[in-house]
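> Here you go, sequence then predicted model.
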Amino acid sequence: MRIIFATGNSKKLEEAREYLEPLGHDVELLLIEGKPPNFIEPQTSELMEVALSKSDQAISMISESELSDCAILVEDSGLFIDSLNGFPGVYSSYIYKTIGLNGILMLMSEEIVRHCEYRAVSVLVMNGKRIVRTGVCRGELSREISGQSGFGYDPIFIPNGSKGVSFGQMNESEKSSFSHRGKSLKALSEAIAPPSM
Ligand code: IMP
């Protein structure tokens, strides 16, 4: 299937390709006048609402004829820290840009319990239907920045089961085996797979 991913994040695109291309899907970037679209983020604390709003916005940017031979993918995600009641959550992107990794490490400097999770909501629109799947990756916040791979909070996020290795120290395929995004995309690909005989 031709899947058009509406994202401005090249790392999310790489992750989606890493996961979906071996399953036989072509993943392209949605470009409007040569650029990834800008979405209006609704004021809400729910990732699901943001993802659904972005999928509606993406669909409204594409003509019916283009929509007939492809599926549109939208994904929204964030880091949720248990001891901060889920902060930064839906504000992850803004907080990353304003206080960065060092700001989060400072906020957490007194915290002994450092459980957190990444969450992703992926929405695929095909044949006029919307399929929504979620993925969660539990982990711990590290005490220092390690690695330069991935994006966002990856250098301070250690997924459970990785023996202390952060996402920032993993390549795409290693990250994909743990990641919230990978899980939501796996669930989506299962939902669109033809039933086995
Ligand atoms: P959005 O989904 O584009 O609104 O942005 C989600 C934000 O959450 C990103 O800008 C990152 O700061 C953070 N985030 C979500 N998923 C990941 C991930 O896999 N690695 C690192 N940061 C992530």
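Looks like it came in fine.

> Strands of the chain, residue ranges please.
In the chain, the strands defined using DSSP state E lie at 2-5, 26-29, 71-81, 115-126, 129-141, 157-159.

> Show me what counts as buried in the longest one.
Spelled out, it's strand 129-141. 132-135, 137, 139-141 (16 or more other C-beta atoms under 10 Å). The C-beta positions use only the backbone N, C-alpha and C, and glycine is treated the same way.

> if I look at the residue of the chain found nearest the ligand, how far off is residue 72?
Of all residues in the chain, residue 152 sits closest to the ligand, at 2.4 Å by C-beta to the nearest ligand atom. Here residue 152 is placed at a distance of 23 Å from residue 72 (C-beta to C-beta, to the nearest Å).

> Mind pulling the model confidence for residue 87?
Residue 87 carries a pLDDT value of 97.

> Residue numbers of the chain in contact with the ligand?
Residues of the chain lying near the ligand by C-beta under 6 Å from any ligand atom: 9, 76-79, 92-93, 96, 118, 150-154, 179, 181.

> Let's see that with 5 Å instead.
76-78, 92-93, 96, 152-154 (C-beta under 5 Å from any ligand atom).

> and stretch 108-121, average pLDDT?
Rounded mean pLDDT across stretch 108-121 is 96.

> what does stretch 51-67 give?
90.

> go on, stretch 27-43?
92.

> And it, what's buried?
Neighbour counts using 16+ other C-beta under 10 Å place 27, 30, 36-37, 39 of stretch 27-43 among the buried residues.

> farthest-separated two in those residues?
The largest separation in the buried residues of stretch 27-43, counting by C-beta to C-beta, is between 27 and 39 at 18.6 Å.

> looking at it, residue 15 is touching residue 184, isn't it?
No - applying C-beta atoms under 8 Å as the test, residue 15 and residue 184 come out as separate, 10.6 Å apart.

> Residues that sit against both of the two, list them.
Shared contacts of residue 15 and residue 184, defined by C-beta atoms under 8 Å, 6 or more residues apart in numbering, are absent.

> can you pull the contacts of the nearest residue in space to residue 45 that is not next to it in sequence?
Nearest non-adjacent residue to residue 45, counting by C-beta to C-beta, 6 or more residues apart in numbering: residue 90, 5.7 Å away. Contacts for residue 90 (C-beta under 8 Å, 6+ apart) come out as 41, 44-47, 50, 76, 78.

> Distance check, residue 90 against residue 8.
17 Å.

> now do residue 2
From residue 2 to residue 8 the distance is 20 Å (C-beta to C-beta).

> Looking at the two, which is more packed in?
With neighbours defined as other C-beta atoms under 10 Å, residue 2 and residue 8 compare such that residue 8 has more, 13 against 10.
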